[in-house]
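**Q** Sequence first, then the predicted structure:
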Amino acid sequence: LPFFTRVLTPQDFGIIAIYGVFGNLTASLLSIGLQSATYRFYFKNYSAQDYFGRINYTNFVFIIFLFILGGIFVFFTSNYISVNIFDSKISKNVVIISYLGGCISNLYRYLRQLLTIQERSKAFSIISILDALFKPGIAIILILLFSLTYQAKIFGMIITELLFLFILLYLHRNFFTIKWSFSSLKKSIIFSYPTIPSQIINLGYQSFDKVMLTKLKSLNSVGHYSIAHRIGGANKIFMGIILRAWTPFFMRNAELRTSKSKKIIVERHFDIIMIFNILAIFICCFSEELITLLTTEDFYFSMYLIPIIVFSGLFVHTLGSMSKQQLAFGEKMIYVVPPNILGLIINIILNIILIPMIGVLGAVFSTLIASIFSGSLLFYYGQKVFPLPLNYTKIIGQITFFILFLIPIYFLMFSNLHLVYKFLLKVIMLIIYF
């Protein structure tokens, strides 16, 4: 990040953010949630490898077929999308490359997640580490040798994910039975179709703010928003790693359906949210120092966005890490739809009101408020489908302490104290907190 913020502008980061939004949005919609069906049927039939192999092959090939159809549509409408959706702030070529990158990324994530549910932690860790090294490494080479700007970051992501896509295909060669099965496809669609409206809502929820900022403000605002998410979302990387291990743990214990197994799930969940809380506290506490050290003055405004973004993610993961697994286990993914509809409505209304008034801060507050309402409703449905003996007081207490901790953090951000004194005060605050 220190290198990229010195050679790229906030506008470049804004284009990169829009690239990610459009590609991931369209690819996720076209895949119609078949990945979730594949993962669920692995746990239901993991002992019957040939059976799972047919499901896996059928779903994977069908997703590629949908991507090809979508690619034809995007190719012929790219200019319209550029002008009418993104206000000509990104070119039609970026739209096409964004779609291609989104499809590659979707297939890459599909296969990488299979490593997790198979509990092949060593392979997953190696690929994750190399992924984190290759993407910026390739981008740096392209910048230094060919003087590219935002294109270098985009090509770095595409080249890396395409490379590992082929490697993952080889690693999963024994989990593909090359035999098309309409019955398997039908079964997968029946499982995943309730998640399609939810996916549309969730993706719209994630992308609407960036599109609104692009149309009503500028790519610079999107760039600040993107950098804040990059740093504030660093804890999401660790959360994601933990949750990948959490999914098979939850499913295997839930299948036992005993009071002891439920208690084990609850105890492990509280351990997880404690880890989430610690990660979030450290990032919020030192967000000013991180922005100052890792970026240039053009990006300093991003520091004020980070704690709100972190809290929004913490709230969603604290509740969602349990409730999403409860709904998936109970095969009641339809209950994901109402919380996402509620979140989308709140997010859209608040973005329309707040972005013209306070710009990127409006987008951040809109996301936070929408996350609180939608996350709470999702948590309610999770407990309704697969009740667990959760300690609500502990969960509420963790969230409350975190909010109270943010007050002095913002006070220090706005103060004129030297950065060294701020750092020392924050260390004292952390000692008191823990």
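**A** Yep, that arrived.

**Q** what's the offset of the longest helix along the chain from the middle of its chain?
**A** The helix that spans the most residues within the chain, counting by DSSP state H, is helix 49-84. Centroid separation for helix 49-84 versus its chain: 20 Å, with CA atoms, centre = their mean, to the nearest Å.

**Q** show me what contacts the residue nearest to Y410 when sequence neighbours are not counted?
**A** Excluding its sequence neighbours, the residue lying closest to Y410 (CB to CB, 6 or more residues apart in numbering) is P307, at 7.0 Å. The C-beta positions use only the backbone N, C-alpha and C, and glycine is treated the same way. Applying CB atoms under 8 Å, 6 or more residues apart in numbering to P307 gives the contacts G232, C284, S287, L406, I409, Y410.

**Q** Who wins on neighbours among those?
**A** G232 (26 neighbours; other CB atoms under 10 Å).

**Q** For the residue nearest to that one when sequence neighbours are not counted, the count of nearby residues, please.
**A** Distances taken as CB to CB, 6+ apart put I309 closest to G232, at 3.7 Å, once the chain neighbours are dropped. Using other CB under 10 Å, I309 is surrounded by 26 other residues.

**Q** any weak-confidence spans in the stretch 151-300 of the chain?
**A** Along the stretch 151-300 of the chain, the parts satisfying pLDDT under 70 run over 193-206, 216.

**Q** just the helices in it please.
**A** Taking DSSP state H, counting those that start in this stretch as the criterion, the stretch 151-300 of the chain carries its helices at 182-192, 195-216, 219-232, 234-256, 259-285, 287-294.

**Q** what angle do the first one and helix 49-84 make?
**A** When you say that, I think you mean helix 182-192. Computed by axes from the mean of the first three to the mean of the last three CA atoms, to 10 degrees, the angle separating helix 182-192 from helix 49-84 equals 60 degrees.

**Q** And helix 182-192, what does it pack against?
**A** Helices and strands touching helix 182-192, by 3 or more CB pairs under 8 Å, 6 or more residues apart in numbering; DSSP states H and E, are helix 34-45, helix 49-84.

**Q** Quick check: which of those is buried the most?
**A** Comparing the helices and strands packed on helix 182-192 by mean neighbour count (mean count of other CB atoms under 10 Å), helix 34-45 comes out on top with a mean of 20.

**Q** Need the residue closest to the centroid of the chain.
**A** Closest to where the C-alpha atoms of the chain average out (CA atoms, centre = their mean) is K236, at 7.4 Å.

**Q** check contacts around it.
**A** G313, H317.

**Q** and it, how far is that from H229?
**A** 9 Å (CB to CB, to the nearest Å).

**Q** which residue sits closest to T318, ignoring its sequence neighbours?
**A** Nearest to T318 is I273, by CB to CB, 6+ apart, at 4.8 Å.

**Q** next one: C285
**A** Nearest non-adjacent residue to C285, counting by CB to CB, 6+ apart: K426, 4.9 Å away.

**Q** can you pull the contacts of that neighbour?
**A** Going by CB under 8 Å, 6+ apart, K426 touches C285, F286, I409, L412.

**Q** how far is the strand or helix carrying it from where the chain is centred?
**A** Per DSSP states H and E, K426 falls inside helix 419-433. Centre-to-centre, helix 419-433 and its host chain are 30 Å apart (CA atoms, centre = their mean).

**Q** And for stretch 154-161?
**A** For stretch 154-161, the distance to the chain centre is 18 Å (CA atoms, centre = their mean).
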